[in-house]
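J.: Quick one: sequence plus predicted model below, questions after.
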Amino acid sequence: SASEKELNAIKGRNKKWAKDQDQRPGAGNKGAKYTSNKTHYSPTDPDARISVKPGKARKLNYLGQLSVDTAHHVITDIRAYHADGKDNQQLPDIVKRLQGRLWKHGLYWENCVADTGYSSGENYAFLEARGLKSFIPPHGTYKGGPEGFVYVEEDDHYLCPQGKVIPFTKVFLDSRTKTKKKEYRARKHVCLGCPLRERCLGKSAQEKKFSVTYYRAEYERNIARVEGPQG
């Protein structure tokens with residue numbers, strides 16, 4: 001079912017994999033194949049998927065998700081998902097089913113606690129929309145903007161270290177991560193003559209441009225909860 005481009009990419013990866021497989025931690029099988037869900041499936045168990053986890057063998061698995069009432073140590077939900085998905089992709093489905101089940105039993109759910117694997121701006125926004133407070137530490141890659149730049153919420157712009165305004169320009173979908181982002185860009189004349197120009201822009205850029213997650217506000221509210229006394 002994979003495209004020719006994807007299959008060619010896997011073929012190239014296979015060559016590299018076979019060459020240095022015996023150099024990988026805990027692996028001594030030189031010439032092993034790089035297995036992928038684009039090239040492999042189980043005819044007897046087609047819902048199984050090849051999963052990738054550091055230090056674990058690439059093989060057909062299921063992704064088990066378990067929810068617990070932490071106050072009473074009671075399992076409240078369990079389900080097996082396709083193993084080629086990520087934890088954060090399963091959270092909305094878990095929440096919808098669990099919230100309905102608890103409500104039927106007269107139980108009110110207020111706080112959703114999970115590890116960083118469930119972090120995403122989309123999830124923070126989703127939980128807020130359902131009246132749930134998230135306590136999910138963000139990935140280390142999250143930044144609310146470039147270092148030294150100050151965000152001005154009421155005007156939706158940033159102030160650079162020299163006090164110049166970097167305005168919001170557009171919302172776009174990142175082609176690599178498939179996530180919603182906001183672009184901020186200064187006009188060329190704003191950066192002319194700036195003493196930090198080369199350090200800030202590099203050698204070729206003419207103007208300051210950067211992107212920030214569309215869900216910056218949701219991230220910040222979640223971080224405040226995680227770092228607060230209750231978190």
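T.: Perfect, thanks for sending it.
J.: Show me the helices in this structure, by range?
T.: 4-20, 87-104, 121-129, 188-191, 197-201, 216-227 (DSSP state H).
J.: Now distance to Val68 and mean pLDDT too, for the ones you listed, in TSV please.
T.: Using the backbone N, CA and C atoms, a C-beta is placed for each residue, glycine as well. Shown next, in TSV, are those (distance: least, Cβ to Cβ, whole Å; pLDDT from 0 to 100):
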stretch	distance to Val68	mean pLDDT
helix 4-20	38	77
helix 87-104	11	95
helix 121-129	17	97
helix 188-191	52	89
helix 197-201	47	89
helix 216-227	19	97
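J.: Pick the most deeply packed of those.
T.: Mean neighbour count (mean count of other Cβ atoms under 10 Å) peaks for helix 121-129 among the helices of the chain, with a mean of 19.
J.: That helix vs helix 216-227, what angle?
T.: Orientation check (axes from the mean of the first three to the mean of the last three Cα atoms, to 10 degrees): helix 121-129 against helix 216-227 gives 80 degrees.
J.: got the contact list for helix 121-129?
T.: Helix 121-129 has contacts (Cβ atoms under 8 Å, 6 or more residues apart in numbering) with 88, 91-92, 95, 112, 133-134, 136, 179-180, 213-216, 218-219, 221-222.
J.: And for stretch 166-174?
T.: Contacts for stretch 166-174 (Cβ under 8 Å, 6+ apart): 149, 156-160, 179-186, 190, 208, 210-211, 214.
J.: What of stretch 203-220?
T.: 120-122, 124-125, 128, 138, 142-146, 151, 153, 160, 166, 171-172, 174, 179-188, 190-191, 200-201.
J.: could you redo the last one with a cut-off of 7 Å?
T.: Contacts with stretch 203-220, where a contact means Cβ atoms under 7 Å, 6 or more residues apart in numbering, come from 121-122, 124-125, 128, 138, 142, 144-146, 160, 166, 171, 179-188, 191, 200-201.
J.: can you check stretch 110-118 too?
T.: Thr70, Asp87, Asn88, Leu91, Leu127, Leu132, Lys133, Ser134, Phe135, Ile136, Pro137, His139.
J.: what do you get if the cut-off is 8 Å, keeping everything else the same?
T.: Identification of contacts with stretch 110-118 by Cβ under 8 Å, 6+ apart yields 70, 86-88, 91, 95, 127, 132-139, 230.
J.: Low-confidence ranges, this protein, go.
T.: Along the chain, the model assigns pLDDT under 70 to residues 1, 17-18, 20-34.
J.: For it, identify the residue most remote from the centre.
T.: Distance to the chain centre peaks in the chain at Gly193, reaching 37.7 Å (criterion: Cα atoms, centre = their mean).
J.: Quick check on that one: phi, psi?
T.: Backbone torsions of Gly193, given as degrees, to the nearest 10, read phi 80, psi 10.
J.: Any figure for the gap between it and Leu107?
T.: Here the distance between Gly193 and Leu107 works out to 62 Å (Cβ to Cβ, to the nearest Å).
J.: Against which helices or strands is the longest strand along the chain packed?
T.: Criterion DSSP state E: the longest strand present in the chain is strand 59-69. When contacts are defined as 3 or more Cβ pairs under 8 Å, 6 or more residues apart in numbering; DSSP states H and E, strand 59-69 packs onto strand 49-51, strand 74-82, helix 87-104.
J.: what pairs with the first one, and is each one parallel or antiparallel?
T.: Yep, that's strand 49-51 we're talking about. With DSSP bridges as the test, strand 49-51 is paired with strand 59-69 (antiparallel).
J.: Output the partner strand as PDB, nothing but the C-alphas.
T.: What follows is strand 59-69, C-alpha atoms only, in PDB (Å, rounded to 0.1, in the frame of the first residue of the first chain):
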ATOM      1  CA  LYS A  59       8.400  -6.600  16.000                       C
ATOM      2  CA  LEU A  60       4.600  -6.900  15.700                       C
ATOM      3  CA  ASN A  61       2.800  -5.500  18.800                       C
ATOM      4  CA  TYR A  62      -0.200  -3.800  20.100                       C
ATOM      5  CA  LEU A  63      -0.200  -0.600  22.100                       C
ATOM      6  CA  GLY A  64      -2.000  -1.100  25.400                       C
ATOM      7  CA  GLN A  65      -3.500   2.000  27.100                       C
ATOM      8  CA  LEU A  66      -4.500   1.900  30.800                       C
ATOM      9  CA  SER A  67      -6.200   4.500  32.900                       C
ATOM     10  CA  VAL A  68      -6.400   4.500  36.700                       C
ATOM     11  CA  ASP A  69      -8.200   6.400  39.400                       C
END
